[in-house]
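>>> fold the following for me, if possible:
(2 chains)
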2 protein chains.
Amino acid sequence: MNLKGINIPVLSYLSEKKFITGRELSNQFGISRVAVWKQIQKLKKLGYIISADNKKGYRIVSSADILLPHEIYRNLHTKCIGKQIFYYNKVTSTNSMAKETIKDKKDYFQEGTVIIADIQTAGRGRLGRTWYSPLGGIWLTIVLFPNLEPVYISKITLMTAVVLVQSIRKLYDIPVQIKWPNDVVVKGKKLCGILTEMAAESDCINYVAVGIGVNANLKGEDFPKDVRGKSISLLEILEKSISRVKLVQLLLEDFEKYYHLLQQQQFTPILQEWKLNAETLGKNITILSAGQKITGKAIDITSEGALVIRKEGRETVNILSGTVQ
Amino acid sequence: MNLKGINIPVLSYLSEKKFITGRELSNQFGISRVAVWKQIQKLKKLGYIISADNKKGYRIVSSADILLPHEIYRNLHTKCIGKQIFYYNKVTSTNSMAKETIKDKKDYFQEGTVIIADIQTAGRGRLGRTWYSPLGGIWLTIVLFPNLEPVYISKITLMTAVVLVQSIRKLYDIPVQIKWPNDVVVKGKKLCGILTEMAAESDCINYVAVGIGVNANLKGEDFPKDVRGKSISLLEILEKSISRVKLVQLLLEDFEKYYHLLQQQQFTPILQEWKLNAETLGKNITILSAGQKITGKAIDITSEGALVIRKEGRETVNILSGTVQ
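Below is the predicted model of the structure:
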């Protein structure tokens, strides 16, 4: 997936056309016929299947699984989420990139803008943890400007977990579950993570950056030693590569659907789905919260996203923030 | 309060010493004796009373009411809030300055750091409104890194309103009241405003910037036309200037006291004080919230900071965000 040397405008143009001759491409972009030919060879090397007709010219028969905006736009059935996508081959972190861009030029983004990257060099998880983000995964951030109060941020995180479970289930027959508060797991191993960040005033959200990481086409050896055994990829589970473009499209579509519900104040069905898919509920667990260890049975989740724990003495506590050990 | 030409290090040094000769100052700062003499004249012009003894040298007998850190540090009885103060003669907005500094170099700030300015050129209120901030007022931001969930932000705003009421009442005999959600008023006219901003993840606050504006020594004509009649200053009420330094000190001390309560999860007494001092409660009001007008009697406030309105049909609604008209 090394895009070095690829002329992205040429590729986008080629993708939009049914047929286009080398001469037309050459004229359109002011590059030589040889340069056009070289581009075609590079695209083929990346996995594009391109037919060449003597008269009609080139045509993309099938695309490589590259997260370029034009690949995602094609067949994306949303009204808002992902209608504007910024792609980076390599970025520190899509959430950081979103935050910095909003700070400098807020008008640059619209509701539902997506930042997506092939590699994150400084991917982040909750509480400042590192999220390892090599080539092959899906690392993206959805930017929202909701007309909601700050308390909604945990609802957005819960909702995103439901969206991930739904999208993955629809495409692959995998027993994905949600681990409180923000991971999607398969048999206890981490498949996806969510990092929701916001800037807010006392009674209104300025913006939310919903960071989503999916260990899509990662091999076992792609994971660093310290997370091996704790993380898993779709490639490992399915024993074959998935189409990242397809999963991103479905994910954005489901996100839009659920986000619409949330904005209509219809959080109850989302919470119900969360509960139905929760790995954490019904289990005896130990949680590290604010430096304290709390042990008990996870019996419920509140609409604020707090996990309800019944301790041994039958007393229940609501925990808003913590890590299940 | 024009500090142009004032050598702040010389002033701070002078403030710390009982007596210091012109020669010592000249040596210490590598400036001429004439330059020292000029500094003393400028300080006198600013309102400092400085005695000059032929042998012992200069001594500050009393300070001008300038918000310089060394003036505030002196007699400030706090452990954390305001132990580090950054002063600006002129700044766009103390909240904006705080946010930018934290973004670039977070370690620069500690819990309770204060940014204070004599003039804000782009002071902000809630919802992007302008807060007019000329010379004579108190414009400051308290930076907090609380180990609390994002939902606490509205509690911090409610708490700050209580702090303002307490501090002002202790120093001046004025009937200050709180207008939901974040103003302190006298007979319905705005005396202080609060702008609380935060950056947060789903379950933890990264930082909070509590912006406080007090119309302290502002004359009627200092207010722009569009807020005249709606705003008021301490100078107007008391018919004399107040010591801004003294009010800032008390405000920081009270803030520390209440913030400690909040961190100990003891919000109930704070909420009680809020209710006792609320102008809004018990009144028939109209609120503009999310584009809708809601009319009814304000009967209570919830611990989340929502105003409880009883509408004509006896139905009650909780409003988290809005503007009382």
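>>> the host helix or strand of residue A:261 near chain B at all?
If you go by DSSP states H and E, residue A:261 is part of helix A:244-263. No - residues of helix A:244-263 are not located near chain B by Cβ under 8 Å from any Cβ of the partner chain, the shortest gap being 11.0 Å. All C-beta atoms are positioned from the backbone trio N, CA, C, and that covers glycine.
>>> in three-state terms, label the closest residue to chain B within the stretch 101-250 of chain A for me.
Proximity to chain B, evaluated over the stretch 101-250 of chain A using Cβ to the nearest Cβ, is greatest for residue A:203 at 3.7 Å. Recorded secondary structure, residue A:203: coil (DSSP: H, G, I helix; E, B strand; the rest coil).
>>> list the buried residues in the helix holding residue A:261.
Neighbour counts using 16 or more other Cβ atoms under 10 Å in any protein chain shown place A:244-245, A:247-256, A:258-259, A:262 of helix A:244-263 among the buried residues.
>>> secondary structure class for the residue positioned nearest the centre of chain A?
Chain A has residue A:212 as the residue nearest its centroid, 3.5 Å off, counting by Cα atoms, centre = their mean. Secondary structure, three-state DSSP: residue A:212 is strand.
>>> now do the strands in the stretch 151-300 of chain A.
Counting by DSSP state E, counting those that start in this stretch, one finds strands in the stretch 151-300 of chain A at the ranges A:176-179, A:183-186, A:189-201, A:205-214, A:284-289, A:292-301.
>>> could you dump the third one to CSV, C-alpha only?
Once side chains and other backbone atoms are set aside, the C-alpha atoms of strand A:189-201 remain, and they are given as CSV (Å, rounded to 0.1, in the frame of the first residue of the first chain):
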residue,chain,number,x,y,z
LYS,A,189,-9.1,-10.2,22.4
LYS,A,190,-9.2,-6.6,21.2
LEU,A,191,-10.3,-6.1,17.6
CYS,A,192,-11.4,-2.5,17.6
GLY,A,193,-10.9,0.5,19.8
ILE,A,194,-12.7,3.8,20.2
LEU,A,195,-11.2,7.1,21.4
THR,A,196,-13.8,9.9,21.7
GLU,A,197,-12.4,13.3,22.4
MET,A,198,-14.3,16.6,22.6
ALA,A,199,-14.0,20.3,23.2
ALA,A,200,-16.9,21.7,25.1
GLU,A,201,-18.3,24.6,27.1
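>>> ok now that strand, how far from the chain's centre?
Here the centre of strand A:189-201 is set off from its chain's centre by 10 Å, with Cα atoms, centre = their mean, to the nearest Å.
>>> as a whole number, average confidence for it?
What strand A:189-201 shows for mean pLDDT is 96.
>>> list the helices and strands it packs on?
helix A:94-104, helix A:153-171, strand A:183-186, strand A:205-214, strand B:189-201 (3 or more Cβ pairs under 8 Å, 6 or more residues apart in numbering or on different chains; DSSP states H and E).
>>> dump those into TSV; add distance to residue A:63 as well.
As requested, these are exported to TSV (distance: least, Cβ to Cβ, whole Å):
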stretch	distance to residue A:63
helix A:94-104	22
helix A:153-171	17
strand A:183-186	27
strand A:205-214	19
strand B:189-201	36
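>>> so which of the ones you listed gets nearest residue A:141?
The minimum distance between residue A:141 and those falls on helix A:94-104, with 3.9 Å, by Cβ to Cβ.
>>> does any part of the closest one sit near chain B?
Yes - interface with chain B: helix A:94-104 contributes residue A:103 (Cβ under 8 Å from any Cβ).
>>> list the contacts of that helix.
If you take Cβ atoms under 8 Å, 6 or more residues apart in numbering or on different chains as the criterion, helix A:94-104 is touched by A:86, A:88, A:91, A:108-109, A:113, A:115-117, A:120, A:122, A:124, A:139-141, A:143, A:195, A:197, A:199, A:207, A:209, A:211, B:103.
>>> equivalent analysis for stretch A:211-228, please.
Against stretch A:211-228 from outside (Cβ under 8 Å, 6+ apart): A:65, A:93-95, A:123-125, A:131-134, A:136-142, A:160, A:164, A:190-197, A:231-236, A:241-242, A:244, A:247, A:251.
>>> now, of those, which are buried?
Among the contacts of stretch A:211-228, those classed as buried by 16+ other Cβ under 10 Å are A:65, A:93-95, A:123-125, A:131-134, A:136-142, A:160, A:164, A:190-197, A:231-236, A:242, A:244, A:247, A:251.
>>> show me which residues of the stretch 1-150 of chain A are close to chain B?
So the stretch 1-150 of chain A meets chain B at A:103, A:126-127, A:147, A:149-150 (Cβ under 8 Å from any Cβ).
>>> now do 7 Å
A:126-127, A:147, A:149-150 (Cβ under 7 Å from any Cβ of the partner chain).
>>> dump those to CSV, plus secondary structure, neighbour count and pLDDT.
CSV is the format used below for the residues of the stretch 1-150 of chain A next to chain B (DSSP: H, G, I helix; E, B strand; the rest coil; neighbours: other Cβ atoms under 10 Å in any protein chain shown; pLDDT from 0 to 100):
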residue, secondary structure, neighbour count, pLDDT
A:126, helix, 20, 84
A:127, helix, 11, 78
A:147, coil, 11, 90
A:149, coil, 22, 89
A:150, helix, 26, 91
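>>> which two from the residues you listed end up farthest apart in space?
Top of the distance list for the residues of the stretch 1-150 of chain A next to chain B (Cβ to Cβ): A:127 and A:147, 28.2 Å.
>>> the nearest residue to residue A:124 once chain neighbours are set aside: what's it in contact with?
Among residues not flanking residue A:124 along the chain, residue A:93 sits closest, at 5.3 Å (Cβ to Cβ, 6 or more residues apart in numbering or on different chains). Contacts here follow Cβ atoms under 7 Å, 6 or more residues apart in numbering or on different chains; on that basis residue A:93 touches A:120, A:122-124.
>>> in the lowest-mean-pLDDT helix or strand in chain A, what's buried?
Taking mean pLDDT, DSSP states H and E as the measure, the helix or strand of chain A with the lowest value is helix A:8-16, at a mean of 85. For helix A:8-16, burial by neighbour count (16+ other Cβ under 10 Å) applies to A:10-11, A:13-14.
>>> likewise stretch A:223-231?
Residues A:223, A:231 are the ones in stretch A:223-231 that count as buried (16+ other Cβ under 10 Å).
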